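> sequence? don't have it. structure:
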């Protein structure tokens, strides 16, 4: 009994010393490992190799090579990029009603780019006549990209959103097809994919880009995107560049400049609107549209049907 | 009274007179000034010129004039016509160049859109459809040699004007370029915006451009200016300068304000308070009931234990 207890005591002390030794070496080894790791990370930071990078907002910055992380453009990255928008811009469109003669090139270019069916329109050219005694005119009508967008307010799943640069986009991957936004939009700017999209088989493996909203998806909303993908590379929207009659101006409110899509001439936005009495569509609703209209005065083209109110389509 | 009636009639008449002149000029043959007709290119039309002329044509002219030789031009009044047609090809190079430069009615002015060289390249492309075409002798370049002409840009902050000075070398002596047309542009995202009107240089070779009061610049107020010499005899000469002459771009992001349509973090305060307040109220009510039930159970078990 005694021997056993003595042995136990002896064992205890030995055990204690053994444990102490183990913990000691462990701590030293662990510390060394952490320290060397820290040294390694630090040495990586100070590799000294610096690289110049052009940021998205066109600034040249210098960063350490180790800080670089290559980003592959997968669907998540495209969605993230699409939500942020282009910094420092506020896109604005001006439509000159006196120049439109219903060439419909804008609609063709738009439907081609966004893989839309013939009956779906992100932009539509309407025949207008305000009253039987006034002159008829053509009016292209894209999404107004409101600064107070009712369609975004009603979206229950955050699928449609407004970006810092003013564009209202739709994310197909989030859209549940409830069509609240169609009901909320006073400009009827949105379309629904009731059927399989155009050439669905052909585009089914394409990577979904939220800034182009292709491939389209059955059961989701589609809308005008101000060709956000083109703006990113410094080009004007599809409809604007396709117009043969100089109807569209597109530009940046921040720069107070708009460029004509046909002639490529650049004008001061404030002066253009002031000199030509630019107006907004249904401004009284408080939606604050980003698309301005210049009135159809001094029309450059004869209107084919003198009085479209007599036309059977309008009765 | 009579005078009043006169004025009334005149105000009615004047627009008609203008309309008449306008419609008259539209149907009238496009008359090119004689001295402009005789203008010739400063360079030979090579295959390379024709190629770049083709891409310029496709960007700027195709929508109305169609593909040359195909006759698929737009049905406009006055008719744009096919550039490969005889009517087009019978003109002199100078006439074509003048028409592209100045424009008329529906034909846009390309003076400030395409450079001198680019406009000649379009002419070269149009000429490539005429097998009988022989290019006339090249224009003689003035005393100023192309490369030797330079533009200096000076910013006069006090008077808010930009002074562009054109200098060239004549017989190895530096001299101002007099009476040359200069244009000032400010660089914008989709193109260059013309500032003030085009000016002619004075005896010292200087042109003065008035800058608008509120010209937006970059984040710190710098504007990239481009001065171009619109004079064919010198070739294509332009100068770019970054000058602190604008307003800094400081408009807030459009998503910065609290609004119904914004993300949850940026929702209106009243909405956040009422929603989260409501949720909190309901949950606290549920917790209160559960607490009461627990208390009841506790009292019940105490009573049975005592028994």
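Cool, got the structure. Keep in mind it's a predicted model, so treat the numbers as computed, not measured. Numbers count the residues shown, from 1 in each chain, chains lettered A, B, ... in the order given.
> hey, let's count contacts and neighbours off CA atoms from now on
Noted.
> burial count for residue A:220?
21 (other C-alpha atoms under 10 Å in any protein chain shown).
> Actually, residue B:185.
By other C-alpha under 10 Å, 21 other residues sit near residue B:185.
> Kindly report the same for residue B:80.
Residue B:80: 16 neighbours (other C-alpha under 10 Å).
> do the one 10 residues further on as well
By other C-alpha under 10 Å, 11 other residues sit near residue B:90.
> which residues touch residue A:192?
Contacts here follow C-alpha atoms under 8 Å, 6 or more residues apart in numbering or on different chains; on that basis residue A:192 touches A:177, A:179, A:219-222.
> how close does it sit to chain B?
For residue A:192, the distance to chain B (C-alpha to the nearest C-alpha, to the nearest Å) stands at 21 Å.
> Please produce CSV containing the contacts of residue A:192, extended by secondary structure, distance to chain B and pLDDT.
Formatted as CSV, the contacts of residue A:192 follow (DSSP: H, G, I helix; E, B strand; the rest coil; distance: C-alpha to the nearest C-alpha, whole Å; pLDDT from 0 to 100):
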residue, secondary structure, distance to chain B, pLDDT
A:177, coil, 18, 96
A:179, coil, 16, 96
A:219, coil, 23, 95
A:220, coil, 20, 96
A:221, strand, 17, 96
A:222, strand, 18, 96
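> Dump those into JSON lines; add distance to residue B:278 as well.
Formatted as JSON lines, the contacts of residue A:192 follow (distance: C-alpha to C-alpha, whole Å):
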{"residue": "A:177", "distance to residue B:278": "29"}
{"residue": "A:179", "distance to residue B:278": "28"}
{"residue": "A:219", "distance to residue B:278": "34"}
{"residue": "A:220", "distance to residue B:278": "32"}
{"residue": "A:221", "distance to residue B:278": "32"}
{"residue": "A:222", "distance to residue B:278": "35"}
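> Which one of those residues sits in the busiest neighbourhood?
The most neighbours of any of the contacts of residue A:192, using other C-alpha under 10 Å, belong to residue A:222, which has 27 neighbours.
> Backbone dihedrals for the nearest residue to that one once chain neighbours are set aside, both of them.
Computed as C-alpha to C-alpha, 6 or more residues apart in numbering or on different chains, the closest residue to residue A:222 that is not its neighbour in sequence is residue A:191, at 5.3 Å. Main-chain torsions, residue A:191, degrees, to the nearest 10: phi -120, psi 160.
> so what's whichever residue of the stretch 201-307 of chain B sits closest to chain A up against?
Using C-alpha to the nearest C-alpha, the closest approach of the stretch 201-307 of chain B to chain A is made by residue B:261 at 3.9 Å. Contact partners of residue B:261, counting by C-alpha under 8 Å, 6+ apart, are A:148-150, A:152-154, A:161-162, B:267.
> Give me the contacts around the helix or strand where residue B:99 lies.
Counting by DSSP states H and E, the element that carries residue B:99 is helix B:93-102. Residues outside helix B:93-102 that contact it (C-alpha under 8 Å, 6+ apart) are B:32, B:36-41, B:108-111, B:119-120, B:123.
> Would you check that residue B:240 makes contact with residue B:229?
No - using C-alpha atoms under 8 Å, residue B:240 is not in contact with residue B:229; the gap is 12.0 Å.
> more neighbours, those two?
Each of residue B:240 and residue B:229 has its neighbours counted (other C-alpha under 10 Å); residue B:229 has more, 27 against 17.
> Bridged to the closest residue to chain B within the stretch 201-315 of chain A, which residues?
Residue of the stretch 201-315 of chain A nearest chain B, by C-alpha to the nearest C-alpha: residue A:266 (4.7 Å). In this entry, residue A:266 is beta-bridged to residue A:259, residue B:193, by DSSP bridges.
> what's the longest helix in chain B?
Longest helix in chain B by number of residues, with DSSP state H as the criterion: helix B:269-306.
> so how far is the biggest helix by length in chain A from its chain's centroid?
Looking across chain A with DSSP H, the single longest helix is helix A:2-45. Distance, stretch centre to chain centre, for helix A:2-45: 57 Å (C-alpha atoms, centre = their mean, to the nearest Å).
> Neighbouring strands - and their directions - for whichever helix or strand comes after it?
Sequence-wise, the next helix or strand downstream of helix A:2-45 (DSSP H and E) is strand A:50-54. Strand A:50-54 sits in its sheet next to strand A:60-64 (antiparallel), going by DSSP bridges.
> got the buried residues for the helix or strand that the partner strand is followed by?
As assigned by DSSP H and E, the chain's next helix or strand after strand A:60-64 is helix A:75-84. Buried residues in helix A:75-84, counting neighbours by 16 or more other C-alpha atoms under 10 Å in any protein chain shown, are found at A:78-79, A:82-83.
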